[in-house]
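Q: Next input, structure requested:
(chains A and B)
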2 protein chains.
Amino acid sequence: MPAVQIAILIFENLTALDAVGPYEVLSRLPGADLRFVASETGPKTTETRALTLVADHSIDDVPKPDIVLVPGGLGTRELLDDERVLDWVRTAHESSQWTTSVCTGSLVLGAAGILDGLKATTYWAVLDRLREFGAEPTAERVVEQGKVITAAGVSSGIDMALQLAARVAGEDVAKAIQLGIEYDPQPPFDAGSPEKAPEHIVALIRGLLEQEEAQARAG
Amino acid sequence: MPAVQIAILIFENLTALDAVGPYEVLSRLPGADLRFVASETGPKTTETRALTLVADHSIDDVPKPDIVLVPGGLGTRELLDDERVLDWVRTAHESSQWTTSVCTGSLVLGAAGILDGLKATTYWAVLDRLREFGAEPTAERVVEQGKVITAAGVSSGIDMALQLAARVAGEDVAKAIQLGIEYDPQPPFDAGSPEKAPEHIVALIRGLLEQEEAQARAG
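A: Predicted coordinates:
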């Protein structure tokens, strides 16, 4: 069976689940050759500093993956004007079968010019920022536009990756992967989107994000 | 606000999402002091070899966490007779507020003697193995018994961690975390449990696991 080369870009201050959710799905594709890539190989610390993921490959070594995946996190801020990373994303996209993102990873696709004129999604609290890149913000969990798939915040990468697995290898394979990771979600609450969460909780998270943003500007 | 020390045990051949799903939830608890711990500090390669997580702390340095979490993966096989790890789990459990597992991590809790006489769950395909440890196999996604919480396969750790977050810090905090990780799951298929997946897919996964088991015995 033909290999499917999958490159998941990682970087300092990423959100771990953005990358690891899709990894857990896509690494189970038949023929998967999944690589965590980064500007420089080595350890990348996630936002909380509690967890370190290791990039075994440099982006230079994986110039033409079949699937590109860009996760999100506070660290995407620096990527938005990191020409080396943006060039890699842009060039990889030229030959990719699928170019995908999770959470604020879509802002990186946007900065690379990939979302211009497309519908796209991202983390709910920054959805409007997609306009900066010529994209049409779309409040859906997974948005597929040709070969570009963007997913909403953090955990949505699992849903996106299952949809992608079905595109790449068929629905039976995607269902087998879903069963393989026992993905039969039963959250104890129904507060996972701003439409569903209580108003005071949406306001709380927005407040925290604004503080974080202000600190980032100050720092 | 008082610190909540959380120890997530990692080891060679773990399933990454088992650990990273709960990490993404629990690291957002107010006062969270979350540590990835291992027998020996350093890099731990996940089942697929594509991803490496780093343990910054030795289990010796974190003897009395408030929350213990043991993820699963093929690597749990070796842990079942690793007395150093089992001793740590057993001793940590004596003073913990919560002792928890995801997927085959519950077999490790079982081997440490913690599940004797309790209802518990684990990965669907190995549920019966819980009997070896005196536990009552319970085909539910999250099983709470006093301070012991076991979760089903891989992705169930996210649901378990949200339930735990509510116990530790209240429902509003848990809901804020759920919104923070935009956990509004929308899997494209409904095949995430053996009851829901098509029969031929359940048989396929069982076959793959049996092959894996036979290879492990042979190797």
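
Q: for A:Ala197, what are its contacts?
A: A:Ala191, B:Lys175, B:Ala176, B:Gln178, B:Leu179 (C-beta atoms under 8 Å, 6 or more residues apart in numbering or on different chains). The C-beta positions use only the backbone N, C-alpha and C, and glycine is treated the same way.

Q: Can I get those residues in JSON lines including pLDDT and distance to A:Ala218?
A: Putting the contacts of A:Ala197 into JSON lines (pLDDT from 0 to 100; distance: C-beta to C-beta, whole Å) gives the following:
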{"residue": "A:Ala191", "pLDDT": "97", "distance to A:Ala218": "30"}
{"residue": "B:Lys175", "pLDDT": "97", "distance to A:Ala218": "29"}
{"residue": "B:Ala176", "pLDDT": "97", "distance to A:Ala218": "24"}
{"residue": "B:Gln178", "pLDDT": "98", "distance to A:Ala218": "29"}
{"residue": "B:Leu179", "pLDDT": "97", "distance to A:Ala218": "25"}
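
Q: Okay, and the beta partners of the residue most central in space within chain A?
A: The residue lying closest to the centre of chain A (C-alpha atoms, centre = their mean) is A:Val102, at 2.2 Å. Note on A:Val102: beta-bridge partners by DSSP bridges are A:Ala151.

Q: Tally up the residues packed near A:Ala19, please.
A: As a burial measure, A:Ala19 scores 30 neighbours (other C-beta atoms under 10 Å in any protein chain shown).

Q: A:Gln215 too?
A: If you count neighbours by other C-beta under 10 Å, A:Gln215 ends up with 9.

Q: Mind telling me what element A:Asp87 is part of?
A: A:Asp87 is located in helix A:83-95, with elements delineated by DSSP states H and E.

Q: So which other helices or strands are in contact with that helix?
A: On a contact count with 3 or more C-beta pairs under 8 Å, 6 or more residues apart in numbering or on different chains; DSSP states H and E, helix A:83-95 meets strand A:4-9, strand A:67-70, strand A:98-102, helix A:105-111.

Q: Okay, now the sheet partners of the shortest one, with direction.
A: Here the strand partners of strand A:67-70, with direction, are listed using DSSP bridges: strand A:4-9 (parallel), strand A:98-102 (parallel).

Q: which one of these lies closest to B:Asp56?
A: Closest of the strands paired with strand A:67-70 to B:Asp56 is strand A:4-9, at 22.0 Å (criterion: C-beta to C-beta).

Q: Pull out the buried residues from the helix holding A:Asp87.
A: Within helix A:83-95, the residues that qualify as buried are A:Val85, A:Leu86, A:Trp88, A:Val89, A:Arg90, A:Ala92, A:His93, counting by 16 or more other C-beta atoms under 10 Å in any protein chain shown.

Q: what comes up buried for the lowest-mean-pLDDT helix or strand in chain A?
A: Lowest by mean pLDDT, DSSP states H and E among the helices and strands of chain A is helix A:199-218, with a mean of 87. For helix A:199-218, the neighbour count (16+ other C-beta under 10 Å) marks A:Ile201, A:Val202, A:Leu204, A:Ile205 as buried.

Q: and which of these is nearest A:Asn13?
A: Nearest member of the buried residues of helix A:199-218 to A:Asn13, counting by C-beta to C-beta, is A:Ile205, at 18.4 Å.

Q: Can you give the domain ranges for chain A?
A: Annotated domains of chain A cover A:4-185, A:186-219 [automatic domain parsing].

Q: mind putting the strands paired with strand A:67-70 in TSV, mean pLDDT included?
A: Shown next, in TSV, are these (pLDDT from 0 to 100):
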stretch	mean pLDDT
strand A:4-9	98
strand A:98-102	98
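
Q: deepest of the ones you listed, which one?
A: Highest mean neighbour count of the strands paired with strand A:67-70: strand A:98-102, a mean of 29 (counted as mean count of other C-beta atoms under 10 Å in any protein chain shown).
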